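**Student:** Curious how this folds, go ahead:
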Amino acid sequence: MVLKIDESKIEALAIGGLILGGGGGGGMDHGIENAQSSLADGRRPKVIAVEDLTENATVLTISAVGAPSATEQYVVVENYVEIVELLEKNYGLKVDALITNEMGGGSSFNAFIPSALKGIPMVDASCNGRAHPLGTMGAMGLAETPGYVTQQSAVGGDPATNKAIQLVTQGSVNATSTLVRKAAVEAGGLVVVARNPVSKEFILKNAALNTLTQSYEVGNAFLQGTTPLEKVENAANYLGGTVVCQGKVQDFELTISGGLDVGICTVQDQEDDYVLYIWNEYMALDKNGERASTFPDLLMSFDQATGLPITTAELKAEQEIFVLQVPYQKLALGAGMYEASGYERIEQTLGIEILPYIQDVIKKA
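**Tutor:** Numbers count the residues shown, from 1 in each chain. Below is the predicted model of the structure:
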């Protein structure tokens, strides 16, 4: 059954998306704000199944790119419409449907506003069923497709502070994604992006399917809990994961580098020390110096007092948290998550090993 969007679904969608964000994917408040904007004045974004697309349909990805902790972020409702119209105008596209790039408290809702304002349906799919730090990871395998040329547009920044930027670019996924990331930095930390027009057949083969429905169901399971721990365990049980540790956040560091949040924190759980590595999302978890979980496994933090999911940008030293771990095999992943290049970037940025732990993930030649 196709998910019908109305006010009653928003909280569960936001919480489910926040959990699947794995520490990134934007804040829930921003996502709810976007959802409410899409429902204003009697509008309603429409969700369709991928099977309902016409055979020659063009599907466009809507994304937000930036560092979650940046303090000068500025995006308005009109920007979500502008990015679609920029590609339509500059490249003669007829956009038939939209998907979001990833699940997250904010990013699950990326396509809601342009869907509602332009009357373009959203497909119950995403480039990736969890959040990721790199645009190439949300390119559904196009980043390593020889000869593929993409179009991207990006808009963001506050005109009052002379940070407004509008970008239209065409080229390889890697080159254009780098330009968009730089645009986000110049805009004060955030731009909204339209990119990678593809076909129905491509979505069926390479996207993560039914992810809006899964996000809603994860959030709904969470909300059925009566205590903070029960809420987290409900989400864990739905996803096939576990509460891997709980304790106090110590030695927490988070800085912005290259438009992304980079950090590390330690959680003390009785006699055990857990170290979480951050690149917007949680990238790895070590237990007493031994690797316990590695991206694209899902790692997510929750406040012990409320049970609410906490992004890496919201995390604080001395905070008491639960940490959820879900094996990647239990997640809906897009084709971009099976390319080695993205994991190499994580290793270079954080200085930790990733690839030796995920050889079964990497797409075989």
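**Student:** which residue ranges form the helices in the stretch 51-200 of the chain?
**Tutor:** 77-91, 112-118, 173-186, 200-206 (DSSP state H, counting those that start in this stretch).
**Student:** low-scoring pLDDT stretches of the chain, where are they?
**Tutor:** 1, 67-69, 364-365 (pLDDT under 70).
**Student:** okay, which residue is most central for it?
**Tutor:** The residue lying closest to the centre of the chain (Cα atoms, centre = their mean) is Ala131, at 3.1 Å.
**Student:** Residues contacting stretch 160-167, please?
**Tutor:** 72, 74, 82, 86, 152-158, 179-180, 183, 186-188, 191 (Cβ atoms under 8 Å, 6 or more residues apart in numbering). Where C-beta positions appear, they are placed from N, C-alpha and C, glycine not excepted.
**Student:** Export it to PDB, keeping only CA atoms.
**Tutor:** The C-alpha trace of stretch 160-167 is given here as PDB (Å, rounded to 0.1, in the frame of the first residue of the first chain):
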ATOM      1  CA  ALA A 160      21.200  39.800   3.600                       C
ATOM      2  CA  THR A 161      24.700  38.600   4.500                       C
ATOM      3  CA  ASN A 162      25.900  38.400   0.800                       C
ATOM      4  CA  LYS A 163      26.100  34.600   1.000                       C
ATOM      5  CA  ALA A 164      23.300  33.800  -1.500                       C
ATOM      6  CA  ILE A 165      24.500  31.400  -4.300                       C
ATOM      7  CA  GLN A 166      22.900  29.700  -7.300                       C
ATOM      8  CA  LEU A 167      24.800  27.100  -9.200                       C
END
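**Student:** Can you mark which positions in that stretch are buried?
**Tutor:** 163-167 (16 or more other Cβ atoms under 10 Å).
**Student:** Of these, which is the nearest to Val262?
**Tutor:** Here the nearest of the buried residues of stretch 160-167 to Val262, counting by Cβ to Cβ, is Lys163; it sits at 22.3 Å.
**Student:** if you skip the residues just before and after it, what's nearest to the closest one?
**Tutor:** Nearest residue to Lys163, sequence neighbours excluded (Cβ to Cβ, 6 or more residues apart in numbering): Gly157, at 3.7 Å.
**Student:** show me what contacts that neighbour?
**Tutor:** 74, 163-165, 186-188, 191.
**Student:** Serialize these to JSON lines and add fields for distance to Gly25.
**Tutor:** JSON lines is the format used below for those (distance: Cβ to Cβ, whole Å):
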{"residue": "Tyr74", "distance to Gly25": "19"}
{"residue": "Lys163", "distance to Gly25": "23"}
{"residue": "Ala164", "distance to Gly25": "25"}
{"residue": "Ile165", "distance to Gly25": "22"}
{"residue": "Glu186", "distance to Gly25": "22"}
{"residue": "Ala187", "distance to Gly25": "19"}
{"residue": "Gly188", "distance to Gly25": "19"}
{"residue": "Val191", "distance to Gly25": "16"}
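**Student:** May I ask which two of those are separated the most?
**Tutor:** Farthest-apart pair in the contacts of Gly157 is Tyr74 and Glu186; separation 11.8 Å (Cβ to Cβ).
**Student:** Would you mind splitting the protein into its domains for me?
**Tutor:** 7-212, 230-333+344-348 (automatic domain parsing).
**Student:** Most tightly packed of those?
**Tutor:** domain 7-212 (a mean of 21; mean count of other Cβ atoms under 10 Å).
**Student:** How far off centre is that one?
**Tutor:** Computed by Cα atoms, centre = their mean, to the nearest Å, the separation of domain 7-212 from the middle of its chain amounts to 9 Å.
**Student:** Out of the buried residues of stretch 160-167, which is nearest to Ala313?
**Tutor:** Lys163 (19.6 Å).
**Student:** With Lys363 as the reference, measure out to the spatially closest residue to Thr213 that is not a sequence neighbour.
**Tutor:** Spatial nearest neighbour of Thr213, chain neighbours left out: Leu3 (5.0 Å); criterion: Cβ to Cβ, 6+ apart. Remark: distance between Leu3 and Lys363 (Cβ to Cβ, to the nearest Å) = 30 Å.
**Student:** cool, and Lys200?
**Tutor:** Noted for Lys200: a distance of 22 Å to Lys363, by Cβ to Cβ.
**Student:** Strand partners (parallel or antiparallel) of the longest strand along the chain?
**Tutor:** Looking across the chain with DSSP state E, the single longest strand is strand 242-257. Here strand 242-257 is paired, per DSSP bridges, with strand 260-269 (antiparallel), strand 320-326 (antiparallel).
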